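K.L.:
I need the structure of the sequence given here:
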Amino acid sequence: MVKAADGRALAVETHGDPRGRPVFLLHGMPGSRVGPHPRSTVLYRLGVRLVSFDRPGYGDSTRLPGRRVAAAAVDVRTIADDLGIDAFAVLGRSGGGPHALACAALLPERVTRAAVLVGLAPRDAAGLDWYGGMTPSNVRAYREAERGHDRIAAGMLFRSQQIRADPVSLLKGLRPELPATDREVVADTGLRRMLQSNYREAFRHGADGWIDDVLAFTAGWGFQVGDIGVPTWLWHGADDQFSPVDHSRWLADHIPGSELFLEPGAAHFGAFRVMATALNWAAGPASGG
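P.N.:
Alright, predicted model coming up:
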């Protein structure tokens, strides 16, 4: 547990080589510090020290009411200081993507590289049809969030209680909207076990983290992605409907010098299969390559 300057608790875990190259993993939505990541043997082989933490309101991290996406940079800096880490890379998957970009934009003196898998673009992204190609369940949730906290809180709290009691129910609920390639990914027994632990931990004390994430994504992020000056790698499955691929295309057009890789035949959960590749890239030299 790491204590923030305002007294909040931040629940943190580290994996892999303690002397390895540090990479902060920003988990998805909903998610937690115990979310899916490569096994420790893989992390040791890559020479990576992986740091993950519960965003405020998830797991054992204290809620930060009204938080913006930019708040993640403050928490990551606090954790890095506590662990004695000076420079580090960031990797964000899905809902963790915007938070990784916040670190890249707001901590240029600390962040060496940023990798984002199936991420989202800002809600006010000029020229982007933000809801275009998005699965109906996500559209409903985000549109309700735009109308305020009270519009989504009760429903998300009820849903979180269901998922905590039976984490598999989230995957079952998503199944009708999953393309075949995603159904194949989540059918893996080991991954399903990690996802179950992830969701159970995410909702340990309620749905605040989930609610606050959705609200933060539909409001101003508190920074401009055009200010990012570190090497940035974006990956997106071309068939993704949860975070539509045009979001990463927009980010690639607006983050100076960023690289975008679109994988044909992959979708949202395909990001799990490229995490080791993304970590290896993220842990590379700050100068790129």
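
K.L.:
and the gap between Leu117 and Ala5?
P.N.:
30 Å (Cβ to Cβ, to the nearest Å). Heads up, the C-betas are built off the backbone N, CA and C, glycines and all.

K.L.:
got a pLDDT number for Ala286?
P.N.:
For Ala286, the pLDDT comes out at 68.

K.L.:
so after the helix or strand where His247 lies, what's the next helix or strand?
P.N.:
Element membership of His247, judged by DSSP states H and E, is helix 245-254. Downstream of helix 245-254, the next assigned helix or strand under DSSP H and E is strand 259-263.

K.L.:
can you give me the offset of the next helix or strand after that following strand from its chain's centre?
P.N.:
Sequence-wise, the next helix or strand downstream of strand 259-263 (DSSP H and E) is helix 275-282. Relative to its parent chain, helix 275-282 has a centroid offset of 15 Å by Cα atoms, centre = their mean, to the nearest Å.

K.L.:
Provide the contact partners of helix 275-282 at residue level.
P.N.:
Residues from elsewhere that reach helix 275-282 (Cβ atoms under 8 Å, 6 or more residues apart in numbering): 23, 36-38, 42-43, 46, 48, 50, 89-91, 93, 113-115, 117, 233, 235.

K.L.:
picking that back up, give me the mean pLDDT for the helix holding His247.
P.N.:
Helix 245-254 comes out at a mean pLDDT of 98.

K.L.:
Buried ones in that helix, by neighbour count?
P.N.:
245-252, 254 (16 or more other Cβ atoms under 10 Å).

K.L.:
For the stretch 101-250 of the chain, which segments count as strands?
P.N.:
111-117, 232-237 (DSSP state E, counting those that start in this stretch).

K.L.:
hey, which of these is tucked in deepest?
P.N.:
Among the strands of the stretch 101-250 of the chain, ranked by average contacts under mean count of other Cβ atoms under 10 Å, first place goes to strand 111-117 (a mean of 28).

K.L.:
quick one, that one and helix 245-254 angle?
P.N.:
150 degrees (axes from the mean of the first three to the mean of the last three Cα atoms, to 10 degrees).

K.L.:
still on that earlier bit, contacts for the helix holding His247 next, please.
P.N.:
101, 116, 118-121, 125, 127-130, 132-133, 225-226, 234-239, 258-260, 262.

K.L.:
Make a PyMOL selection of the buried ones in those residues.
P.N.:
Filtering the contacts of helix 245-254 down to the buried ones (16+ other Cβ under 10 Å) takes a single PyMOL command:
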select buried, resi 101+116+118+119+120+121+125+128+130+225+234+235+236+237+239+258+260
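
K.L.:
Could you dump the buried residues of helix 245-254 into a markdown table with distance to His27 added?
P.N.:
Shown next, in a markdown table, are the buried residues of helix 245-254 (distance: Cβ to Cβ, whole Å):
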| residue | distance to His27 |
| --- | --- |
| Val245 | 21 |
| Asp246 | 23 |
| His247 | 18 |
| Ser248 | 18 |
| Arg249 | 24 |
| Trp250 | 23 |
| Leu251 | 19 |
| Ala252 | 23 |
| His254 | 24 |
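
K.L.:
Nearest to Gly31 among those residues?
P.N.:
His247 (18.1 Å; Cβ to Cβ).

K.L.:
And for the residue nearest the centre of the chain, nearest residue in space, chain neighbours not counted?
P.N.:
The structure's the chain has its C-alpha centroid closest to Gly96; by Cα atoms, centre = their mean the separation is 1.5 Å. Among residues not flanking Gly96 along the chain, Leu26 sits closest, at 3.2 Å (Cβ to Cβ, 6 or more residues apart in numbering).

K.L.:
Just want the phi and psi numbers for that neighbour.
P.N.:
Taking degrees, to the nearest 10, you get phi -100, psi 110 for the backbone angles of Leu26.

K.L.:
thought it was touching Ser94?
P.N.:
No: counting by Cβ atoms under 8 Å, Leu26 stays clear of Ser94, with 9.4 Å between them.
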